[in-house]
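Peer 1: Got a sequence here, can you model it:
(4 chains)
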Amino acid sequence: MTTIYGAICLAEIVVMVPLLIRLALGPTVSDRIVALNTISTQAALAVLFFAAFAQRPIYLDPALWLCSFSYLGTIVWARFLERGLL
Amino acid sequence: MFWAIDYLCLAGVIVSAIAAIRIRNLNGAVMALSAMGTILSLLFIVLGAPDDAHSEVVVGAIALPTLYLIAIGKVRAHVTDDSDDLGEVGEGR
Amino acid sequence: MLRRWLALWCLAFAVWIVLSWTRTAEQLIVGAVAAAIVATACAPLGPVAAPWVLLAPRRLLATLRATLWALGQIVRANLSLSRRIWAPSRPLRPGMVIVPSAMETDGEWAAVGLVTSLIVDNQLVDVDRQHHEMLFHTVWVDTLDPDENRAQINGPVEDRIAAIRRP
Amino acid sequence: MKSAVVIVLAVVGVGFSFSGAVGILRMPDLYTRIQCSSKTITMGAIPVLVALVVAEGPVSSYGSRTLVVAVLLLSVNPLASHALARAAYKRGVPMWPGSVVDQGAERRQQSED
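Peer 2: Down below sits the predicted model:
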């Protein structure tokens, strides 16, 4: 079963490759933010599955942090776009 | 399996760090820096340091880019007049 | 006021149980006290949706049916969007459309926005609450008629949410 | 039997995640990219999380953390994408030239006339 977990973790990291390309290319900053949000989602999933792969439940907490606070940059950027001044 | 995950995370960290240097737009570079923090925290987890990963998530992936965004916003709004240029124009698709 | 306090206490205690996930007596007592403090602090802020209103049988049935319908729509929309992504010619007709809406309270607006965002064919962009209109971005625009667009985008969601609210 | 269910769910989730990522790479403008990013949540993350719950059992620390992660993803991601789309639309981030209609801009022009 741990082999399956490791394979899923690996696959979630491989999914980041097109997102990194979009992050490097992205014509506007908002495109980069969309890619960044998806990267942090994938990172949270990878952390969950690495915790199951290594059989250490203590690794689960960074996933909670990642998916609960990674949207702060998006909110700040959206506010910045809409009102100009922070 | 473990080594593949390790090296992939390392490659992701290097690629996003290079992107953070090469992107000319300041806000875009901040986004690449945030991506580097996220993948670096994943690398810390893989190498078995969940405490470092905690601090890296909070500082490197969230607080530092947010502070940079706020700082860049303040500076641009006070110094330059043509504040329409937020990097939202883009060239080509 | 007591009803609002009890609802808040139930929600906060549920969050405590899910986050701590240890079933010893000390944990539960500390969680109950913490939930009471949170409920006392947050009760004057505004009305709270009590969790036990879902237990009314007709409302529970309506919620269940709405959830199943939303799951089916999510799968359908995802399949059609991946077909658009992988087709070499990129069959897209995107556009911004304005649709009328029948929602009234804040919670209903928020629920419609959440469910229509999870169904990936369309993305809520803006809301005009005075004129009861919503601005959606959709990947495939069929007609320019607002009423037909409403029947395609947010009409079914709004009907089901109204059925939950007034069973 | 259990591992077969887990493998099927994981393949579905990872496949849809990958197609969402390719969509973010291939789509022509910001708004369609935002829709592809919510695709990686609804059909990409949720089946994978269900696979973890099926494998480890719902009454374990994995089960509770998975529940919290799923609720957070399903509620915060639409919020962030709506905020981003609204701010970008108000700021005038251009739509794809091939898009059919922009009724918001038409409405604004009518009220200006």
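Peer 1: and the helix or strand where C:Ala36 lies with chain D, contact?
Peer 2: Here C:Ala36 sits within helix C:25-42, counting by DSSP states H and E. No. Counting by Cβ under 8 Å from any Cβ of the partner chain, chain D has no neighbours in helix C:25-42; the shortest distance is 13.0 Å. For the C-beta atoms, the positions are set from N, CA and C on the backbone; glycine is no exception.
Peer 1: How about residues contacting that helix?
Peer 2: With contacts defined as Cβ atoms under 8 Å, 6 or more residues apart in numbering or on different chains, helix C:25-42 is touched by C:Trp5, C:Leu6, C:Leu8, C:Trp9, C:Ala12, C:Phe13, C:Trp16, C:Ile17, C:Ser20.
Peer 1: Looks to me like C:His137 is in a helix.
Peer 2: No. With DSSP: H, G, I helix; E, B strand; the rest coil as the criterion, C:His137 is assigned strand and is not in a helix.
Peer 1: Kindly check the end-to-end length of stretch D:96-103 for me.
Peer 2: Across stretch D:96-103, the terminal residues are separated by 15 Å (Cα to Cα, to the nearest Å).
Peer 1: Same question for stretch A:25-34.
Peer 2: Counting by Cα to Cα, you get 12 Å between the two ends of stretch A:25-34.
Peer 1: buried residues in it?
Peer 2: A:Gly26, A:Pro27, A:Thr28, A:Val29, A:Ser30, A:Asp31, A:Arg32, A:Ile33, A:Val34 (16 or more other Cβ atoms under 10 Å in any protein chain shown).
Peer 1: Also stretch A:72-82?
Peer 2: Residues of stretch A:72-82 classed as buried by neighbour count (16+ other Cβ under 10 Å): A:Leu72, A:Gly73, A:Thr74, A:Ile75, A:Val76, A:Trp77, A:Ala78, A:Arg79, A:Phe80, A:Leu81.
Peer 1: Also stretch A:13-27?
Peer 2: Under the neighbour-count criterion of 16+ other Cβ under 10 Å, stretch A:13-27 has A:13-24, A:26-27 buried.
Peer 1: what bits of chain A have low per-residue confidence?
Peer 2: Low-confidence segments of chain A, defined by pLDDT under 70: A:85-86.
Peer 1: Closest residue of chain C to chain D?
Peer 2: For chain C, the residue closest to chain D is C:Ser117, as judged by Cβ to the nearest Cβ, at 3.5 Å.
Peer 1: State the mean pLDDT of stretch D:92-102.
Peer 2: Mean pLDDT, stretch D:92-102: 80.
Peer 1: And stretch C:8-25, by the same measure?
Peer 2: Stretch C:8-25 shows a mean pLDDT of 87.
Peer 1: related to what we said a few turns ago, also near chain D: which of the buried residues of stretch A:25-34, exactly?
Peer 2: When Cβ under 8 Å from any Cβ is applied, the members of the buried residues of stretch A:25-34 adjacent to chain D are A:Thr28, A:Ser30, A:Asp31, A:Ile33, A:Val34.
Peer 1: ok, the residue of chain C closest to chain D - contacts?
Peer 2: Contacts for C:Ser117 (Cβ under 8 Å, 6+ apart) come out as C:Gln123, C:Leu124, D:Ser38, D:Pro78, D:Ser81, D:His82.
Peer 1: Which of those residues fall in helices?
Peer 2: If you go by DSSP state H, those have D:Ser38, D:Pro78, D:Ser81, D:His82 in helices.
Peer 1: Show me where chain C has its strands.
Peer 2: Counting by DSSP state E, chain C has strands at residues C:95-100, C:122-128, C:133-138.
Peer 1: any idea how far chain B is from C:Asn154?
Peer 2: From C:Asn154 across to chain B, the span is 28 Å (Cβ to the nearest Cβ, to the nearest Å).
Peer 1: per-residue pLDDT, that residue?
Peer 2: 80.
Peer 1: and it, how many residues sit next to it?
Peer 2: Using other Cβ atoms under 10 Å in any protein chain shown, C:Asn154 has 25 neighbouring residues.
Peer 1: Kindly state the domain boundaries assigned to chain C.
Peer 2: C:2-51, C:56-165 (automatic domain parsing).
Peer 1: Reformat those domains as TSV; add distance to B:Ala29.
Peer 2: Output for those, formatted as TSV (distance: least, Cβ to Cβ, whole Å):
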stretch	distance to B:Ala29
domain C:2-51	36
domain C:56-165	27
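Peer 1: And for residue 84, the neighbour number?
Peer 2: Using chain A. For A:Gly84, the neighbour count with other Cβ under 10 Å is 14.
Peer 1: meant chain C actually
Peer 2: Around C:Arg84 sit 21 other residues, with neighbours defined as other Cβ under 10 Å.
Peer 1: Apart from its neighbours in sequence, what residue is nearest it?
Peer 2: C:Pro91 (5.6 Å; Cβ to Cβ, 6 or more residues apart in numbering or on different chains).
Peer 1: now the one you found: how far from D:Ile24?
Peer 2: Separation of C:Pro91 from D:Ile24 (Cβ to Cβ, to the nearest Å): 18 Å.
Peer 1: of those two, who's got more company?
Peer 2: Between C:Pro91 and D:Ile24, counting by other Cβ under 10 Å, D:Ile24 is the more crowded of the two (28 against 11).
Peer 1: which residues touch the most centrally placed residue in chain D?
Peer 2: Compute the mean C-alpha point of chain D, and by Cα atoms, centre = their mean the closest residue is D:Ser38, 1.0 Å away. Taking Cβ under 8 Å, 6+ apart as the criterion, D:Ser38 is in contact with C:Ser117, C:Leu118, C:Val120, C:Gln123, D:Asn77, D:Pro78, D:Ser81.
Peer 1: change it to 10 Å
Peer 2: Residues near D:Ser38 by Cβ atoms under 10 Å, 6 or more residues apart in numbering or on different chains: A:34, A:37-38, C:78, C:81, C:117-120, C:123, D:20, D:44, D:74, D:77-78, D:80-82.
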